[in-house]
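Peer 1: any chance you can model this:
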Amino acid sequence: MYQLNLPIFNVKIQRKNEKTYIFDFLRKKYVALTPEEWVRQHFTHYLVNDLNYPSGLLANETQIRVGNTVKRCDTVLYNNSLQALMIVEYKAPNVDISQRVFDQISRYNMVLHVDYLTVSNGLQHYCCKMDYENHTYKFLQHIPCFQEL
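Peer 2: The predicted structure is shown next:
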C-alpha cells in the first residue's frame, strides 16, 4: 500500500478468497482494503492514538440523507451528548484534495451542521472550523486534539 503522512500503527490484514481486508477497529470487523480505506484506518488511529479522540465517539461510514439520496460520511466525531461535531472525508493518496472534495463534505454538513470539517488523502490534511454566525470558516494550522475542540 501507500506510504502516508500519518503515524504507523499495528495494521491487521487478512486475505480471503484472493481479496485483502483490513481490520477497522471502530466497526470491529474486517473491511475491503482499498487505497481510501488505507487512509481511513491510518487517520482514525491517528485521531485516537495521537490526538486523544475517544474511539467510542467516532463512527465510520455514517449514513445520512442528503435531499432524496442516502450518502455515507467517511467518519463522524460526536461530542459527549452524541451530537455530530466533526466530519472527516478521505480520499485515496493519488486523489488531489480539490474544491470538489470540499463541496462534497459541505453537502454532508448541510445535514449534520458540525463545528469542524476535515479532509485527508493520507498525504495532505486540512481542517476548518465553521463560523455559522458570520457564514464563513477558518482553516486551522493543524488537526486539533480532542481537548482543543
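Peer 1: so Tyr137 is in contact with Lys129, correct?
Peer 2: Yes - because the distance of 6.4 Å satisfies Cβ atoms under 8 Å, Tyr137 is recorded as touching Lys129. In this view, the C-beta of every residue, glycine as well, is placed from N, C-alpha and C.
Peer 1: mind listing residues that contact stretch 5-18?
Peer 2: With Cβ atoms under 8 Å, 6 or more residues apart in numbering as the test, stretch 5-18 has contacts from 20-23, 30, 33, 39, 41-43, 45-46, 49-50, 122-125.
Peer 1: please indicate which of these are buried?
Peer 2: 21-23, 30, 33, 39, 41-43, 45-46, 122-123, 125 (16 or more other Cβ atoms under 10 Å).
Peer 1: from those residues, which land in helices?
Peer 2: With DSSP state H as the criterion, helices contain 39, 41-43, 45-46 from among these.
Peer 1: got the contact list for the residue nearest to the spatial centre of the chain?
Peer 2: With the centre of the chain defined as its mean C-alpha position, the nearest residue by Cα atoms, centre = their mean is Val88, 3.0 Å away. By Cβ under 8 Å, 6+ apart, the residues touching Val88 are 43, 47, 73-77, 118-120.
Peer 1: just the element for it, please.
Peer 2: Element membership for Val88, per DSSP states H and E: strand 84-90.
Peer 1: how far is that strand from where the chain is centred?
Peer 2: 5 Å (Cα atoms, centre = their mean, to the nearest Å).
Peer 1: following element in sequence after it, please.
Peer 2: Going down the chain from strand 84-90, the next helix or strand is helix 99-112, by DSSP H and E.
Peer 1: quick check: what element follows that following helix along the chain?
Peer 2: Per DSSP H and E, the helix or strand that comes after helix 99-112 is strand 116-120.
Peer 1: packing partners of that following strand?
Peer 2: If you count contacts as 3 or more Cβ pairs under 8 Å, 6 or more residues apart in numbering; DSSP states H and E, strand 116-120 packs onto strand 84-90, helix 99-112, strand 125-131.
Peer 1: need the pLDDT of Phe143.
Peer 2: Check again: residue 143 is Ile, not Phe. Here the pLDDT value assigned to Ile143 is 97.
Peer 1: go on, Ser106?
Peer 2: pLDDT, the model's per-residue confidence, is 89 for Ser106.
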